[in-house]
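Q: Turn this into a structure:
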Amino acid sequence: SLGLLQRGIRRPARVLLLAVCAFDLWRFASPYNPTIPARFAAPATAGIRYLQEHAEGGRLLPIGGRLLPGNTLLRYELSDARGGDWVNVREYEYLVTGRTGDFDFGTRFDYTPRTIGALNVTHWVLPQGRHVPPGLEVVYDDEIVVVRAPGLPRAFVANELRAVGSDAEARKLIESGELDLRRTVIVPAQDAGWFDVGFAGTARATVVRSLPNRVELDVGTVAAGILVLVDTWLPGWECEIDGRARPIVRANLAFRAVPVGPGRHRVVFRYRPRGARLGGLLAAAALLGIALGGAVPRFRDRATRRSR
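A: Residues are numbered from 1 along each chain as shown. From the prediction side, this is the model:
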């Protein structure tokens, strides 16, 4: 009985010892744990707080490779037009720089691109002492300089179409500034047939929910038009309008456009790459194979014993 009592005490003692060690480690490591609130891990400066209060609904473009590097803005839930972890899509890189193949071009973003009018950039962020182009409004000037930028809204409905035969032609049009990109959408010539445009009525497009792999919009228009979402175009994105699948066309070189009819619509973009779905099916098949591989010998043994 004494042995049973000792064994009964050991288990609670071990649990208590583990709990004490865990509490001690938590007390030591909590100031360094990345799961603590961001305001404690990386307190916002006055400039960051200004951006959080005034830059909602648009992206920021820091000019200067050493200014707000890496994922600094993501830490404060601010959208960086350079992307996260400097990941970029070929079409987006070409729109911004006019060339491709420089994977981390965002680290050397030390200039204002001539095609910035096609981006959803509402504010530029500049280092102190940097020249501000004439005609632009400086809205914050302290440890950083914030300039209001005449960028496109993230989502809008356009009513004119320009079909082009190449990406170079599209970029030249954007760079020239001769088109009002709030009204006119540039698409590849082979995709122009998807759209029925030409109205001059009112329209609106509002992002009501935004997640990394899903964007939901409330869209209303008096006639057929082109819904433009100034998020990067990439194979794997799908679109549904009122529950019905609609084609996504590459717009303004690097973004997404879908045809919309008159009336009010619920539009949902989802990221469902074929590779991920294929990988899920293969994983499910592998798990099924493992389960069957373990079950078949058992059934075989039972059948053998019964036959005896």
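Q: ok, which stretches of the stretch 151-300 of the chain are helices?
A: When secondary structure is read from DSSP state H, counting those that start in this stretch, the stretch 151-300 of the chain shows helices at 167-176, 274-307.
Q: chain center to the shortest one: distance?
A: On the basis of Cα atoms, centre = their mean, to the nearest Å, helix 167-176 sits 25 Å off its chain's mean C-alpha point.
Q: Check stretch 242-262 too.
A: Stretch 242-262 has its average C-alpha position 17 Å from the chain's average C-alpha position, going by Cα atoms, centre = their mean.
Q: and it, average pLDDT?
A: On average, the pLDDT along stretch 242-262 is 95.
Q: follow-up on the earlier one: pick out the shakiest of the helices of the stretch 151-300 of the chain, pLDDT-wise.
A: Across those, the stretch with the lowest average pLDDT is helix 274-307; it has a mean of 62.
Q: Quick check on residue 52: phi, psi?
A: phi -60, psi -30 (degrees, to the nearest 10).
Q: what residues are up against the residue nearest to it when sequence neighbours are not counted?
A: Beyond its immediate neighbours in the sequence, the residue positioned closest to residue 52 (Cβ to Cβ, 6 or more residues apart in numbering) is residue 76, lying 6.2 Å away. All C-beta spots, glycine's among them, are computed from the backbone N, C-alpha and C. In this structure, residue 76 makes contact with 38, 42, 44, 48, 51, 52, judged by Cβ atoms under 8 Å, 6 or more residues apart in numbering.
Q: neighbours of residue 131, just the number please.
A: Neighbouring residues of residue 131 were enumerated by other Cβ atoms under 10 Å; the total is 6.
Q: Give me the pLDDT for it.
A: Predicted confidence (pLDDT) at residue 131: the value is 81.
Q: repeat for residue 37
A: Residue 37 is assigned a predicted lDDT (pLDDT) of 66.
Q: And for residue 70?
A: At residue 70, pLDDT is 67.
Q: One more: the one 5 residues further on?
A: According to the model's per-residue confidence, residue 75 sits at a pLDDT of 82.
Q: Which phi and psi values does it adopt?
A: Dihedral angles of residue 75 (phi, psi; degrees, to the nearest 10) stand at phi -60, psi -30.
Q: can you tell me how far it sits from residue 175?
A: The gap separating residue 75 from residue 175 is 33 Å, by Cβ to Cβ, to the nearest Å.
Q: what does residue 267 give?
A: 30 Å.
Q: Ok, residue 67 next?
A: As defined by Cβ to Cβ, residue 67 lies at a distance of 24 Å from residue 175.
Q: What of residue 228?
A: Residue 228 sits 18 Å away from residue 175, going by Cβ to Cβ.
Q: which of these two has more neighbours?
A: Between residue 228 and residue 175, residue 228 has the larger neighbour count (other Cβ under 10 Å), namely 25 against 16.
Q: so how far does stretch 132-144 reach from one end to the other?
A: 12 Å (Cα to Cα, to the nearest Å).
Q: Fine, thanks again, bye for now.
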